[in-house]
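Q: 3D model of this:
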Amino acid sequence: MAALHERSPLLQSNGARSPTATTTGEQGDPTRLIADAVARISSVSLDPEVIQDILTTESTLGQGYSPTDYGYALTVLLSYREQKVKQETAPELDLYGQWTQEQTAHKDAEALDKLVGTLWGQFLLHYRTDKEVDTVLWSQFSQDATSGVVLKVVDFLGTPNPPISLLTHPLAEAAIQRRWKSGRHYAVNQPSTLLQRLDTLVGTPRNVHFMALISKFAYLALLAHYVIYPPNRVSTDIGSFTEFIGPYEAALFIITLSLALFLPSLSSLPYVGVLAALVLPFPGLAQPGDGFFDVLLIVLAFQTLTLHTTPYINPLFIKAFSAPLPLAGFVQQSISDGIAPTMLYFLPLLIISSLLLSSSLDDYHYFDWVRQSLTSLTSAIPAPMETRNMFLIIALVVLLGVVFSIFATTVAASSLRASSPAPKSDWDRFGGEIGQRSRVIAARACDRYGAPYLSPPPFNLLFAVLVRPVEFGAKLLGRSLEFAGKLHVWLWRLTVLPFLFVTFVILKVIG
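A: This next block holds a predicted model:
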């Protein structure tokens, strides 16, 4: 039983898996294509016999099938379900035709949800080790023979419309949290060196994320240093440009570039904005009073205020997912339920009251062009004090209404969630919808950080310079990627592994 609590090395001894691959799952059967199975089941009725059609062995269901078989079958069903969920209505149809098509796709998605629940339940009819559960959730299969796209079950748990029955299953929840903290499992009889076991011991998704989080805090500190102590104005002489580039400016550029290239997504756009503000003024630097400096200020304010809402580098991921994520989702939902509708309701009143009050207090005649269009007087007399007082009262009443409405709607939303039945899971203590979104965030983060030998910023720049050209050259010449893979692994061990070991010790202390 001791074997059930150990982890699998990231580098397989048989060489079947490239250590430079960007996928995050265990290697499945390369001969099984998801598209082939989806094409078969799309032409038949969605009943339990579909499961038997997908599983290719002739053994009794629940006894003879391997975890890889179950992973493949679940991936096929979830891939087909995703197609139904994303299916768009034909624009040439009339309203009734579009409604009918939507209802058919919705019923098919519900039928596939039931099949997913049935298949998962059959897998759990017998005792399953942690490694077997991981194999089902993280085994990857090719979508087709040409695209090179691989899919796995966890990919669909991180989508906007996940399969709820599988996402909220206690074993799936526990598997994601365990994988985030401890990495993959391995069997004792699997050959692996001490160094390989050290790789997987400290190279967990949680440790890699913590290093990325430290890099983000360093980036925010450097950006704040730049806007608080902007460098001296430089001339347009390119030769004098390097004299004003200090270590802070160079470090800011390097770490911003590494964060922009790390796990690219929409959340990377602020880093691109900072890079543009640093590069475009060349041979000068962004200075107070120009638009580039304003961009740096706006990005710093935005990233500071949204520190807990970013999807991939988030301080909430330090602790167990089920503790902070639902709370953060509840706070964000309460704010959005209170502020968004209130501001939409009061926006016309805010604009009118602000204009009235500003016009009445305009002793410097900023609004002369408005007065001259409304009166024949060439020089307007300041508004009477009584008018100013009344406009001030209007503005204060509107502001008080905004504050009260935000407070009332936020408290009302909170009380409605608090009055719901007692949750069965800690994820749902602030409501089922918030719990589902929190689970999706956890699955997506675990999937993105689960790649073997993933290099956090700023080390990813080193790999982009030293490893990627070797990979590109090997592919261009039709050579094997084995040397590039070994270079990636040993460079990772020399640069990233020591810092991950320190991170491992720190997070052990934190708990």
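
Q: Please report how far residue 44 lies from residue 427.
A: 35 Å (CB to CB, to the nearest Å). The C-beta positions use only the backbone N, C-alpha and C, and glycine is treated the same way.

Q: Quick check, residue 181 in contact with residue 204.
A: Yes: at 6.5 Å, residue 181 counts as touching residue 204 under the criterion of CB atoms under 8 Å.

Q: of the two, who's got more company?
A: Ranked by neighbour count (other CB atoms under 10 Å), residue 181 and residue 204 place residue 204 first, with 23 against 16.

Q: so what's the more buried one closest to, chain neighbours aside?
A: Excluding its sequence neighbours, the residue lying closest to residue 204 (CB to CB, 6 or more residues apart in numbering) is residue 183, at 4.2 Å.

Q: Could you double-check that the one you found lies in contact with residue 203?
A: Yes: look at residue 183 against residue 203 with CB under 8 Å: they come within range, at 6.9 Å.

Q: How about the residue positioned nearest the centre of the chain: what's its closest non-neighbour residue?
A: Computing the C-alpha centroid of the chain and ranking residues by CA atoms, centre = their mean puts residue 311 first, at 3.1 Å. In this structure, residue 311 finds its nearest non-sequential neighbour in residue 267, 5.9 Å apart by CB to CB, 6+ apart.

Q: And for that neighbour, the neighbour number?
A: 17.

Q: Give me the pLDDT value at residue 245.
A: At residue 245, the model reports a pLDDT of 70.

Q: Could you check how far the residue nearest to residue 204 is from residue 255?
A: Distance from residue 183 to residue 255, by CB to CB: 26 Å.

Q: can you check residue 504 too?
A: 22 Å.

Q: higher neighbour count, the two?
A: The neighbour count for residue 504 versus residue 255, taken as other CB under 10 Å, is higher for residue 255 (22 against 17).

Q: hang on, the more buried one in a strand?
A: No: using DSSP: H, G, I helix; E, B strand; the rest coil, the secondary structure at residue 255 is helix, not a strand.

Q: I'd say it and residue 221 touch.
A: No: Residue 255 is beyond contact range of residue 221, at 9.8 Å (criterion: CB under 8 Å).

Q: lowest confidence element among the helices and strands of the protein?
A: The helix or strand of the chain with the poorest confidence is helix 368-374; it has a mean of 51 (mean pLDDT, DSSP states H and E).

Q: Which positions in the biggest helix by length in the chain come out as buried?
A: With residue count as the measure and DSSP state H as the assignment, the chain has helix 324-360 as its longest helix. Of the residues in helix 324-360, 324-326, 328-331, 333-334, 337-338, 342, 346, 349, 353, 356-357, 359-360 count as buried by neighbour count, 16 or more other CB atoms under 10 Å.

Q: same deal with stretch 124-136?
A: Result for stretch 124-136 [16+ other CB under 10 Å]: buried residues 128, 130, 131, 132, 133, 134, 135, 136.

Q: tell me the mean pLDDT over that stretch?
A: Averaged across stretch 124-136, pLDDT comes to 89.

Q: how long is that stretch from one end to the other?
A: Terminal residues of stretch 124-136 are spaced 11 Å apart (CA to CA, to the nearest Å).

Q: Check the offset of that stretch from the chain's centre.
A: Averaging C-alpha positions (CA atoms, centre = their mean, to the nearest Å) puts stretch 124-136 27 Å from its chain's average.

Q: distance between stretch 246-260 and the chain's centre?
A: The answer for stretch 246-260 is 23 Å, by CA atoms, centre = their mean.

Q: Residues touching it, excluding its own?
A: With contact meaning CB atoms under 8 Å, 6 or more residues apart in numbering, stretch 246-260 is reached by 215-216, 218-219, 222-223, 225-226, 231, 268, 271-272, 274-275, 278, 285, 313, 457-461.

Q: thinking again about what came up before, how close does the residue nearest to residue 204 sit to residue 503?
A: When residue 183 is compared with residue 503 (using CB to CB), they lie 13 Å apart.

Q: picking that back up, which members of the buried residues of stretch 124-136 are positioned in helices?
A: If you go by DSSP H, the buried residues of stretch 124-136 have 130, 131, 132, 133, 134, 135, 136 in helices.

Q: who's in contact with the third one?
A: To tie it back to what came earlier, the one meant is residue 132. Counting by CB under 8 Å, 6+ apart, residue 132 has contacts residue 67.

Q: can you count the residues close to the nearest residue to residue 346 once chain neighbours are set aside?
A: With sequence-adjacent residues excluded and distances taken as CB to CB, 6+ apart, residue 346 is closest to residue 402, at 5.0 Å. By other CB under 10 Å, the residues close to residue 402 number 18.

Q: surely residue 402 meets residue 341?
A: No: Residue 402 lies out of contact with residue 341 (CB under 8 Å); the separation is 11.2 Å.

Q: number of nearby residues for residue 389?
A: With other CB under 10 Å as criterion, residue 389 counts 11.

Q: I meant residue 393, not that one.
A: Residue 393: 12 surrounding residues under other CB under 10 Å.

Q: ok, now residue 297?
A: The burial count for residue 297: 15, using other CB under 10 Å.

Q: What distance do you get for it to residue 458?
A: The value you get for residue 297 to residue 458, if CB to CB is used, is 24 Å.

Q: Buried residues, whichever strand or helix holds residue 165. List them.
A: Assigned by DSSP states H and E, residue 165 belongs to helix 164-167. By 16+ other CB under 10 Å, the buried positions in helix 164-167 come out as 166, 167.

Q: again with stretch 283-298
A: Buried, per 16+ other CB under 10 Å, within stretch 283-298: 284, 285, 286, 292, 293, 295, 296.

Q: same deal with stretch 143-163?
A: 143, 150-159, 162-163.

Q: quick one, strands of the chain?
A: 141-142, 150-151 (DSSP state E).

Q: would you turn these into TSV with mean pLDDT?
A: Below are these laid out as TSV (pLDDT from 0 to 100):
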stretch	mean pLDDT
strand 141-142	88
strand 150-151	89
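
Q: before we move on, the earlier item: which one among the buried residues of stretch 124-136 gets closest to residue 34?
A: Nearest to residue 34 among the buried residues of stretch 124-136, counting by CB to CB, is residue 136 at 15.2 Å.

Q: My read is that that closest one contacts residue 73, right?
A: No: using CB under 8 Å as the test, residue 136 is too far from residue 73 to be in contact (9.4 Å).

Q: So for the closest residue to residue 120 other than its chain neighbours, what's the pLDDT?
A: Distances taken as CB to CB, 6+ apart put residue 166 closest to residue 120, at 5.7 Å, once the chain neighbours are dropped. Confidence at residue 166, expressed as pLDDT, is 92.
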